[in-house]
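Asks: predicted structure and sequence below. I'll ask about it afterward.
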Amino acid sequence: MTVYPPSVSSPRWDSRTKRIVVLICLFLIGWAIWQITDVLPIIVVSVLLSYLLNPVVTIIDQRVLTFGPFRG
């Protein structure tokens with residue numbers, strides 16, 4: 001005998017509810033961006049630097065740090 005869990009169903013959202021939820025989410029995202037505007041340029045620059053310097057660090061790790069006392 002197989003026992004199935006009870007089906008969980010909730011009513012479907014109508015278009016007005018979906019619109020309200022989207023507007024609230026957009027407001028919260030905008031508010032969060034507004035709050036971090038002071039540090040946003042620092043975050044953007046750090047992401048760009050890490051993206052640009054990753055190949056250099058990889059080359060150093062593979063070629064330079066495999067010799068001598070840095071060998072892992």
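Replies: That came through fine.
Asks: any idea which element the residue most central in space within the chain lies in?
Replies: Nearest residue to the geometric centre of the chain (CA atoms, centre = their mean): residue 47, 12.3 Å. Assigned by DSSP states H and E, residue 47 belongs to helix 40-59.
Asks: output that helix as CSV, nothing but the C-alphas.
Replies: What follows is helix 40-59, C-alpha atoms only, in CSV (Å, rounded to 0.1, in the frame of the first residue of the first chain):
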residue,chain,number,x,y,z
LEU,A,40,28.8,51.1,-5.2
PRO,A,41,31.7,52.7,-7.2
ILE,A,42,34.2,50.9,-4.9
ILE,A,43,32.4,47.6,-5.5
VAL,A,44,32.4,48.1,-9.3
VAL,A,45,36.1,49.0,-9.4
SER,A,46,37.0,46.0,-7.2
VAL,A,47,35.0,43.6,-9.4
LEU,A,48,36.7,45.1,-12.6
LEU,A,49,40.2,44.8,-11.0
SER,A,50,39.6,41.2,-9.9
TYR,A,51,38.4,40.3,-13.4
LEU,A,52,41.3,42.0,-15.1
LEU,A,53,44.0,40.7,-12.7
ASN,A,54,42.8,37.1,-12.5
PRO,A,55,44.9,36.0,-15.6
VAL,A,56,48.1,37.6,-14.1
VAL,A,57,47.5,35.9,-10.8
THR,A,58,46.9,32.6,-12.5
ILE,A,59,50.1,32.8,-14.4
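Asks: separation between residue 16 and residue 22?
Replies: Distance, residue 16 to residue 22, using CB to CB, to the nearest Å: 11 Å. All C-beta atoms are positioned from the backbone trio N, CA, C, and that covers glycine.
Asks: ugh, wrong one, residue 59
Replies: Taking CB to CB as the measure, residue 59 and residue 22 are separated by 46 Å.
Asks: next: residue 44.
Replies: 26 Å.
Asks: what does residue 35 give?
Replies: On the measure of CB to CB, residue 35 and residue 22 end up 20 Å apart.
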